[in-house]
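*Asks:* Let me see the structure of the following:
(2 chains)
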Amino acid sequence: SQQGEEDPQALSIQEGENATMNCSYKTSINNLQWYRQNSGRGLVHLILIRSNEREKHSGRLRVTLDTSKKSSSLLITASRAADTASYFCALENTGNTPLVFGKGTRLSVIA
Amino acid sequence: DTEVTQTPKHLVMGMTNKKSLKCEQHMGHRAMYWYKQKAKKPPELMFVYSYEKLSINESVPSRFSPECPNSSLLNLHLHALQPEDSALYLCASSQAQNNEQFFGPGTRLTVL
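*Replies:* Below is the predicted model:
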């Protein structure tokens, strides 16, 4: 099963700035999910976006999906130090295969 | 209760030991998962249980043995592990397979 490719691998920004992470893939998917992981802890589900959806919001988070470009982006607005974490996209590939996590983007928000 | 709990939080074991990791959820989820995660890597799926039956085994060595005693519990039995098996072991659950997953805090395993 394909794995999403996240970009950038690492991102460092100042508090208050916006952070954008991207996830690209190669073949069709059923849905794409974004998760956050604080260092050494469990993952926290952020947003699930289905293949027929283009944009979803949750608080300061905005996720877009462009199936023609086979890419998704996660935007965190007005970032806070507490947003410092690794962010993973996870693909549900077609064929009811299990989720596959990408390598992640490590975000550092500096106060 | 929207929590997945895992015990123990930390485990140190020798290569000849037998130990078990435990996971519990009371959200009525019918899919449960074991993942292995090495430092600075993504979680790697090991096993999936759906409706208490093993539905996916990602070619995991037999020294790892999963068990699902009931719909709320998931165990991972460990025997004759190798030092390279040291990792964070994460349990997760979801309403159904491939819905959003709820993760436990993990067990940090060190094999000496």
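*Asks:* On the strand side of things, show who residue 31 bridges to.
*Replies:* All of this is about chain A. A:Arg50, A:Glu92 (DSSP bridges).
*Asks:* oops, I was thinking of chain B
*Replies:* With DSSP bridges as the rule, B:Ala31 is bridged to B:Ser50, B:Ser94.
*Asks:* List the contacts of it.
*Replies:* Neighbour list for B:Ala31: B:48-50, B:93-97, B:99 [criterion: Cβ atoms under 8 Å, 6 or more residues apart in numbering or on different chains]. Using the backbone N, CA and C atoms, a C-beta is placed for each residue, glycine as well.
*Asks:* Using TSV, lay out the residues you listed together with pLDDT.
*Replies:* TSV is the format used below for these (pLDDT from 0 to 100):
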residue	pLDDT
B:Val48	96
B:Tyr49	96
B:Ser50	94
B:Ser93	97
B:Ser94	95
B:Gln95	93
B:Ala96	87
B:Gln97	82
B:Asn99	87
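*Asks:* most neighbours, which of those residues?
*Replies:* B:Ser93 (25 neighbours; other Cβ atoms under 10 Å in any protein chain shown).
*Asks:* Tell me which residues touch B:Ala58, please.
*Replies:* Ala isn't right for residue B:58; it's Glu. So B:Glu58 contacts B:44-47 (Cβ under 8 Å, 6+ apart).
*Asks:* rerun that using 6 Å as the cut-off
*Replies:* Residues near B:Glu58 by Cβ atoms under 6 Å, 6 or more residues apart in numbering or on different chains: B:45-46.
*Asks:* tell me the pLDDT at it?
*Replies:* For B:Glu58, the pLDDT comes out at 91.
*Asks:* How about the backbone phi and psi for it?
*Replies:* When quoted as degrees, to the nearest 10, the phi and psi of B:Glu58 stand at phi -80, psi 50.
*Asks:* returning to what we had before: relative to B:Tyr33, which of the contacts of B:Ala31 is nearest.
*Replies:* B:Val48 (5.4 Å; Cβ to Cβ).
*Asks:* what's the strand or helix carrying that closest one in contact with?
*Replies:* Using DSSP states H and E, B:Val48 maps to strand B:44-50. Strand B:44-50 has contacts (Cβ under 6 Å, 6+ apart) with A:98, B:31-36, B:55-58, B:60, B:66, B:68, B:97.
*Asks:* any idea which helix or strand comes after it?
*Replies:* With DSSP H and E, the next secondary element past strand B:44-50 is strand B:53-57.
*Asks:* now that following strand, how far from the chain's geometric center?
*Replies:* Computed by Cα atoms, centre = their mean, to the nearest Å, the separation of strand B:53-57 from the middle of its chain amounts to 13 Å.
*Asks:* tell me the mean pLDDT over the helix or strand that it is followed by?
*Replies:* Heading C-terminal from strand B:53-57, the first helix or strand you meet, by DSSP H and E, is strand B:64-70. The pLDDT scores in strand B:64-70 average 96.
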